[in-house]
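Enquirer: just need the structure, nothing else, for what follows:
(chains A and B)
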Amino acid sequence: NAGVMQNPRHLVRRRGQEARLRCSPMKGHSHVYWYRQLPEEGLKFMVYLQKENIIDESGMPKERFSAEFPKEGPSILRIQQVVRGDSAAYFCASSPNYLMNTEAFFGQGTRLTVV
Amino acid sequence: SQQGEEDPQALSIQEGENATMNCSYKTSINNLQWYRQNSGRGLVHLILIRSNEREKHSGRLRVTLDTSKKSSSLLITASRAADTASYFCATAGPQGGSEKLVFGKGTKLTVNP
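Expert: Below you'll find the predicted structure:
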């Protein structure tokens, strides 16, 4: 059973471009979480999705950021009109059940650099 | 706001010594989880301890939880150079009607050979 797959591992975008980060959860996992990590910092929650539904997006900036988890295909975190402050590592995690009952499994992350 | 706060922020020890990291949190939880992150990599789950448990072991790892003090500790015994990594605590619980893991800033552990 492959782990959580994120791609690309590294992404360079110029200011104003769009960034699309993909996450394929582990097989059988219907809960997906996105986190952002700045250097030397912990992970900051962004959004929690279940199949086709956004459950909690309280950590998402109100503008330029969006996430989806379609019925078929990977979860996508989309950042429009990127700015330098968006440079960070973005991690996706998945779980088979609610986190009250189980741990989360993390991908290797996508490191976004905005130049 | 950040839920967990680990201390120390950084810890440097010699191989063979024990390493203790502490975590404090602010609100009620369902469980507390510890994760490890090697430099530039994703997080790996270490241990999950539920709010009704006080202590849990896994190999060289020992985790304690004191819900009255809202604190947890992670003990790594007989440390090895390969244990060098950042360690994060994360709390899970019904926060605001939704559930997610809320992470602290981590403890950076260096084990010198």
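Enquirer: now do the contacts for residue 107.
Expert: You didn't say which chain, so I picked chain A. When contacts are counted by Cβ atoms under 8 Å, 6 or more residues apart in numbering or on different chains, residue A:107 touches A:3-6, A:23, A:91-93, B:42. (Each C-beta comes from the backbone N, C-alpha and C, glycine too.)
Enquirer: if you could check chain B rather than the one you did, that'd help
Expert: B:6-11, B:21, B:86-88.
Enquirer: okay, it: pLDDT?
Expert: Looking at residue B:107, its pLDDT stands at 94.
Enquirer: now swap in residue A:3 and tell me
Expert: For residue A:3, pLDDT reads 92.
Enquirer: before we move on, what about residue B:63?
Expert: So, for residue B:63, pLDDT stands at 98.
Enquirer: give me the number of residues near residue 38?
Expert: I'll assume chain A. The local packing of residue A:38 (other Cβ atoms under 10 Å in any protein chain shown) involves 12 other residues.
Enquirer: meant chain B actually
Expert: Residues within reach of residue B:38, counting by other Cβ under 10 Å, total 12.
Enquirer: now the strands: where do they sit in chain A?
Expert: With DSSP state E, the ranges of strands along chain A come out as A:5-7, A:10-13, A:19-24, A:31-37, A:43-50, A:53-56, A:65-68, A:75-79, A:88-95, A:105-106, A:110-114.
Enquirer: name the helices or strands packed onto the fifth one?
Expert: Counting contacts by 3 or more Cβ pairs under 8 Å, 6 or more residues apart in numbering or on different chains; DSSP states H and E, strand A:43-50 packs against strand A:31-37, strand A:53-56, strand A:65-68, strand A:75-79, strand B:98-103.
Enquirer: same list, these, but as JSON lines with mean neighbour count, distance to residue B:27 and mean pLDDT please.
Expert: Listed next are those as JSON lines, based on neighbours: other Cβ atoms under 10 Å in any protein chain shown; distance: least, Cβ to Cβ, whole Å; pLDDT from 0 to 100:
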{"stretch": "strand A:31-37", "mean neighbour count": "24", "distance to residue B:27": "19", "mean pLDDT": "95"}
{"stretch": "strand A:53-56", "mean neighbour count": "14", "distance to residue B:27": "16", "mean pLDDT": "92"}
{"stretch": "strand A:65-68", "mean neighbour count": "18", "distance to residue B:27": "25", "mean pLDDT": "97"}
{"stretch": "strand A:75-79", "mean neighbour count": "20", "distance to residue B:27": "27", "mean pLDDT": "98"}
{"stretch": "strand B:98-103", "mean neighbour count": "23", "distance to residue B:27": "9", "mean pLDDT": "80"}
